[in-house]
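K.L.:
Sequence below, structure please.
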Amino acid sequence: MTEDEETIARTIAEASELPLKDAAYLLWRECSKLDLLAWRAMPPNVRDVFRSRPAENSIEVKFEHDHPEDGLTFDRLQLTHPGMDEAEVKQAIIAAVRFDDACFGYFDKIKGEFGARYKRAVELAAKDYPGYLELTYQRARYYISYYMK
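P.N.:
Sure thing, here's the model as predicted:
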């Protein structure tokens, strides 16, 4: 198993141990990384098939964000939580994306000390989207602080 495949397997294993909502958030936040690792793990001839398709990356990214319950996050979440009702899985993904969007939406880009701003953003989003583990809120603070630097 390559290092990329091991990283994918570790993320999937970690998500399997989490409650459905928290696993949905983890897999949503890590979807770009998992996609890249899966891409690199593909044999070159398979990658060439995908490269030959017309380039519509921005459309595909927007669709994945607007319909995450119909994308790879759904497939991965079903893999980590087999036997769960499909509607529950889709709802968990939609809620995770909305929570993530709220975290970024509440981030104040102008006023205050950086640490207080990203913590406050997650606190406000948590009020709108309660019920996640503290680990998930901690991850959200990390993602906000990383991407909003």
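K.L.:
Mind jotting down where the strands sit in the protein?
P.N.:
For the chain, no strands turn up when DSSP state E is the criterion.
K.L.:
Find the residue at the geometric middle of it.
P.N.:
residue 28 (1.6 Å; Cα atoms, centre = their mean).
K.L.:
Report back the residue of the chain that's furthest from centre.
P.N.:
Quick read of the chain (Cα atoms, centre = their mean): farthest out is residue 45, 28.1 Å.
K.L.:
Got the confidence number for that residue?
P.N.:
The confidence metric pLDDT takes the value 73 at residue 45.
K.L.:
Enumerate the positions of the longest helix anywhere in the chain that are buried.
P.N.:
Scanning the chain for the longest helix, with DSSP state H as the assignment, gives helix 86-106. Neighbour counts over helix 86-106 (16 or more other Cβ atoms under 10 Å) mark 89-90, 92-93, 95-97, 99-100, 102-104, 106 as buried. Bear in mind the C-beta positions are built from the backbone N, C-alpha and C, glycine included.
K.L.:
Wait, residue 94 touches residue 69, no?
P.N.:
Yes - taking Cβ atoms under 8 Å as the definition, residue 94 is a contact partner of residue 69 at 5.6 Å.
K.L.:
right, and residue 21 touches residue 131 too?
P.N.:
Yes - using Cβ under 8 Å, residue 21 is in contact with residue 131, at 6.2 Å.
K.L.:
Among the two, which residue is more densely surrounded?
P.N.:
residue 21 (20 against 11; other Cβ atoms under 10 Å).
K.L.:
Now for the more buried one: which residues touch it?
P.N.:
Counting by Cβ atoms under 8 Å, 6 or more residues apart in numbering, residue 21 makes contact with 92, 95-96, 131-132, 136.
K.L.:
list the helices and strands the longest helix of the chain packs on?
P.N.:
Packing partners of helix 86-106 (3 or more Cβ pairs under 8 Å, 6 or more residues apart in numbering; DSSP states H and E): helix 20-29, helix 72-80, helix 114-128, helix 134-147.
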